[in-house]
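give the three-dimensional model of this entry:
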Amino acid sequence: MAETPVPRSRADERLLEDVATYGWHVAIVPPEEDSPGWAYSVGFLSTFGHPEVVVFGLPPEDAHALVNDVGDRIRNGVPVQEGAAIGDLVPGRICAVRGVARRWKSTLLEGALWFHGREDVPILQILRADAEGRLPGDAGFAETLAEAQPLLHRESPEEARLERVLATFEDL
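Sure thing, here's the model as predicted:
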């Protein structure tokens with residue numbers, strides 16, 4: 001990050017305070033009727049040189065904790081890498097790490113782009129497997145669980161399963 005961005009709101013001030021104090025901020029987008037909600041990091045890139053991360057479909061406090069757990073791992077020299085499978089991040093579940101397609105960043109992860117002052121911020125999505133170890137997008141993965149975890153590595157809204165989420169933005 002070249003310069004500290006100028007805050008546009010109290011939320012931006014809080015984001016800047018968190019990054020200065022803790023090394024990162026966790027941005028929370030609460031779930032709504034047609035949107036699973038998500039949380040993402042802001043500051044991993046500037047503090048550690050590590051891509052930001054995003055997780056969907058957890059209650060806000062659990063999503064916040066998961067992003068903080070990833071931050072603690074990175075701080076302790078254990079980065080998460082695209083394509084990796086992580087067995088000890090979520091109890092009883094394998095997690096997969098996928099890159100986020102550029103087209104979803106400005107819509108869903110605007111705070112990270114604002115903070116870093118650029119559009120090409122590297123961001124990784126943490127996907128959680130079901131109890132049988134199937135990942136979203138795999139055959140047999142529960143449809144009700146699949147709606148909570150869009151596939152941000154895919155470009156089209158249909159393949160990414162983002163149509164309902166994107167519709168909530170159009171309603172604003």
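
just say helix, strand or coil for D130.
Secondary structure, DSSP: H, G, I helix; E, B strand; the rest coil: D130 is coil.

who are the contact partners of it?
The contact partners of D130, taken as Cβ atoms under 8 Å, 6 or more residues apart in numbering, are R93, F141, A142, L145. No exception for glycine: its C-beta is placed from N, CA and C like everyone else's.

and it, how far is that from P59?
18 Å (Cβ to Cβ, to the nearest Å).

check E143 too.
20 Å.

the two - which one has more neighbours?
Per other Cβ atoms under 10 Å, whichever of E143 and P59 has more neighbours is P59, with 12 against 7.

isn't there a strand covering S41?
Yes - judged by three-state DSSP, S41 forms part of a strand.

quick check: it touching D72?
No - counting by Cβ atoms under 8 Å, D72 is not a contact partner of S41; they are 11.5 Å apart.

who has more neighbours, those two?
Set S41 next to D72 and count neighbours by other Cβ under 10 Å: S41 wins out with 30 against 11.

is the most centrally placed residue in the chain bridged to anything, and to what?
For the chain, the residue sitting closest to the mean C-alpha position, by Cα atoms, centre = their mean, is V54 at 0.8 Å. For V54, the beta-bridge partners under DSSP bridges are Y40, Q125.

tell me the contacts of it?
Taking Cβ under 8 Å, 6+ apart, one finds W38, A39, Y40, S41, V100, L108, L109, I123, L124, Q125, I126, L152 in contact with V54.

who wins on neighbours among the contacts of D130?
With neighbours taken as other Cβ under 10 Å, the top of the contacts of D130 is F141, carrying 18 neighbours.

so how far is A65 from that one?
From F141 to A65 the distance is 23 Å (Cβ to Cβ).

and the longest helix seen in the chain, what other elements does it pack with?
For the chain, the longest helix by residue count, based on DSSP state H, is helix 60-75. In this structure, helix 60-75 packs against strand 25-29, strand 38-42, helix 44-48, strand 52-56, strand 85-90, with contacts taken as 3 or more Cβ pairs under 8 Å, 6 or more residues apart in numbering; DSSP states H and E.

what residues of that helix count as buried?
A63, H64, L66, V67, V70, G71, R73, I74 (16 or more other Cβ atoms under 10 Å).

reformat those residues as JSON lines; add distance to P30 and pLDDT.
As requested, the buried residues of helix 60-75 are arranged in JSON lines below (distance: Cβ to Cβ, whole Å; pLDDT from 0 to 100):
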{"residue": "A63", "distance to P30": "10", "pLDDT": "96"}
{"residue": "H64", "distance to P30": "11", "pLDDT": "97"}
{"residue": "L66", "distance to P30": "15", "pLDDT": "96"}
{"residue": "V67", "distance to P30": "14", "pLDDT": "98"}
{"residue": "V70", "distance to P30": "20", "pLDDT": "97"}
{"residue": "G71", "distance to P30": "20", "pLDDT": "97"}
{"residue": "R73", "distance to P30": "25", "pLDDT": "96"}
{"residue": "I74", "distance to P30": "25", "pLDDT": "97"}
